[in-house]
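Novice: Okay, predicted coordinates and the sequence, questions at the end:
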Amino acid sequence: MGVRLYDTKAREVVDLAPRVPGRVGIYVCGPTVQSSPHVGHLRSALVYDLWRRWLAHRGYEVTLVRNVTDIDDKILVAAEAAGDPERWWALAYRVELEFSRAYAAIGILPPTYEPRATASIGEMLSLTATLIERGHAYPAADGSGDVYFDTGSWAPYGELTGQRREDMQDAEDADPRGKRDPRDFALWKGRKPSEPASASWPSPWGAGRPGWHLECSAMSRRYLGGAFDIHGGGLDLRFPHHENELAQSRAAGDGFARHWLHNGLVTVDGQKMSKSLGNSVFAHDVLAQAEPAVVRYLLAAAHYRSTIDLHDGSLAEAAAAVERIESFLLRSGRALAVAAPAAPAALEVPEVFAAAMDDDLGVPQALAVLHETVRAGNAALDAGDLAAAARSRAEVAAMTGVLGLDLGGARTDDAATAALGVLVEGMLERRAAARAQQDYRTADEVRAALAAAGIAIEDGPDATHWSLS
RNA sequence: GGUGGCGUGGCCGAGAGGCGAGGCAACGGCCUGCAAAGCCGUGUACACCGGUUCGAAUCCGGUCGUCACCUCCA
């Protein structure tokens, strides 16, 4: 069985059928770099990172394109608020770097390419011209320099989200400008006198800048072709963003995406994060509270299409699960280092794990397999079956590898850690001596002193191990 | 008004007609000087009401609750 995915346009799980066998082109809507990344942004990028890793594991050559929207109303507004409207590009770039750091922190691999909207203005202009030629777009009659997509001219409009044009509630757009119909949307926005000159580009319809939806059509076409395999993005982008992308690309004659993927949102205590509610949980907040692997686990553990609700204890639960896996890796590593059994078989992921991942990226079931393998490995260790333990360990490593869960590698080898090690080992020797003489009072005092310093110890059959808790 | 979700044991979270995923927490046991870690065991869970079926958490109809999108959002 091959890889299957829930196609939000088809509204069912379908077989992945790449246009070119063995190759998959994916376009994902990236962020508008207007303000710091929140966990929702992290989750979205993580979902496609997982898809990409799994497809690559399955032998596909994946081209993942995730754009950066670096010109937009909100960026201009943010720059204005920062008191330096001309330098909107500096703000956009600063925020973009923040996103990159946050992505990297939780092991999200850089996409194959990360195009910025401002670098594809030419493609957007030609796409706009094509749409006008074909009778699907019109320059506004009010002299604003705007160009709008004519939704009424495109019969399938609404096909992605199953809505009929007549049923759509009119946008209470504060500024209908030169639209013929409220449902029409801007391809090109004429420059307003109040806007910085640096935020506009020349066009046949006057100086201006691109509308939001246009960039994705232009960039996916430029890097993946007029027809490609998968288009992804957050569930909240389905309408109007993806609907409009689809309409303009198809109206321009492109086949566009074969499959649509949408990731679920992240809510906080049951509510969507939003600026107006002020309940956003930012990437830097969560990364300050937990190990990167814990954050990655938390955001990956639920199925990619379901909502993740953040609440008190979310991080602690994820941390407990991660520690369980991590401590098996540590424990088995110690046991196998002493008496290395026959080399484990190649790093293959268990079949049930693979089957779960194949089935619309069933990470939750895959994690169940991972945990079962950990349990079996621990049981093997308890029973002294090192060969079985080694096999489990290899499987666990393979699974965490595919999931991008970088565990056990956090051991820092700096001077401070080394010095701490010397001190702790000294104390443990003192404790061992006390225990040998059944002086448990002294032994427990040593343990308590270490615990007070945040160091946990475990007595093994031949040695005591310590770790920072 | 339109469109699409969701409601599973103390919590998180899968599943999608029959054999109780997995994690966390709790309780009992093994191990331990005591712990810790680990292992073994312990749960009459599927919003409500009808229906279909030998059998429904899963299918159908209805009710209630809840969330998202239709305005910028990953």
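Specialist: That came through, no problem.

Novice: which helices and strands does the longest helix belonging to chain A pack with?
Specialist: Secondary structure of chain A per DSSP state H: the longest helix is helix A:314-338. If contacts are counted by 3 or more CB pairs under 8 Å, 6 or more residues apart in numbering; DSSP states H and E, helix A:314-338 sits against helix A:292-301, helix A:363-383, helix A:386-402, strand A:464-468. In this view, the C-beta of every residue, glycine as well, is placed from N, C-alpha and C.

Novice: For whatever helix or strand comes next after it, buried residues please.
Specialist: Downstream of helix A:314-338, the first helix or strand assigned by DSSP states H and E is helix A:351-358. Of all the residues in helix A:351-358, those buried under the rule 16 or more other CB atoms under 10 Å are A:353-354, A:356-358.

Novice: buried set for the longest helix of chain A?
Specialist: For helix A:314-338, by 16+ other CB under 10 Å, it's A:314-315, A:318-319, A:321-323, A:325-332, A:335-336.

Novice: mind checking how far it is from the chain centre?
Specialist: 24 Å (CA atoms, centre = their mean, to the nearest Å).

Novice: near RNA strand B, anything from that helix?
Specialist: Yes - interface with RNA strand B: helix A:314-338 contributes A:314, A:316-317, A:320-321, A:324, A:327-328, A:331 (CB under 7 Å from any atom of the strand).

Novice: neighbouring contacts of that helix?
Specialist: Helix A:314-338 is contacted from outside by A:286, A:289-291, A:293-295, A:297-298, A:301, A:367, A:370-371, A:374, A:377-378, A:381, A:386, A:389-390, A:392-393, A:396-397, A:400, A:405, A:407-408, A:460, A:465, A:467, using CB atoms under 8 Å, 6 or more residues apart in numbering.

Novice: go with 6 Å
Specialist: The contact list for helix A:314-338 (CB atoms under 6 Å, 6 or more residues apart in numbering) reads A:289-290, A:293-294, A:297-298, A:374, A:377-378, A:381, A:389-390, A:393, A:407-408.

Novice: again with stretch A:396-410
Specialist: A:53, A:57, A:107, A:293, A:326, A:329, A:347, A:349, A:353, A:370, A:373.

Novice: Identify each buried residue in it, please.
Specialist: A:396-400, A:402-405, A:407-408.

Novice: same check, this time on stretch A:207-219
Specialist: Buried-residue list, stretch A:207-219, by 16+ other CB under 10 Å: A:208-219.

Novice: Tabulate these (a markdown table), appending pLDDT.
Specialist: Converted to a markdown table, those look like this (pLDDT from 0 to 100):
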| residue | pLDDT |
| --- | --- |
| A:208 | 95 |
| A:209 | 95 |
| A:210 | 95 |
| A:211 | 92 |
| A:212 | 91 |
| A:213 | 94 |
| A:214 | 95 |
| A:215 | 95 |
| A:216 | 96 |
| A:217 | 96 |
| A:218 | 96 |
| A:219 | 97 |
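
Novice: of all those, which comes closest to residue A:29?
Specialist: residue A:216 (6.1 Å; CB to CB).

Novice: if I read this right, the closest one contacts residue A:244, doesn't it?
Specialist: No - Residue A:216 is not in contact with residue A:244 according to CB atoms under 6 Å; the separation is 9.1 Å.

Novice: Residue A:374 versus residue A:380, what's the distance?
Specialist: Separation of residue A:380 from residue A:374 (CB to CB, to the nearest Å) stands at 11 Å.

Novice: got the contact list for stretch A:364-377?
Specialist: A:303, A:325, A:328, A:332, A:350, A:352-353, A:356-357, A:389, A:392-393, A:395-396, A:399.
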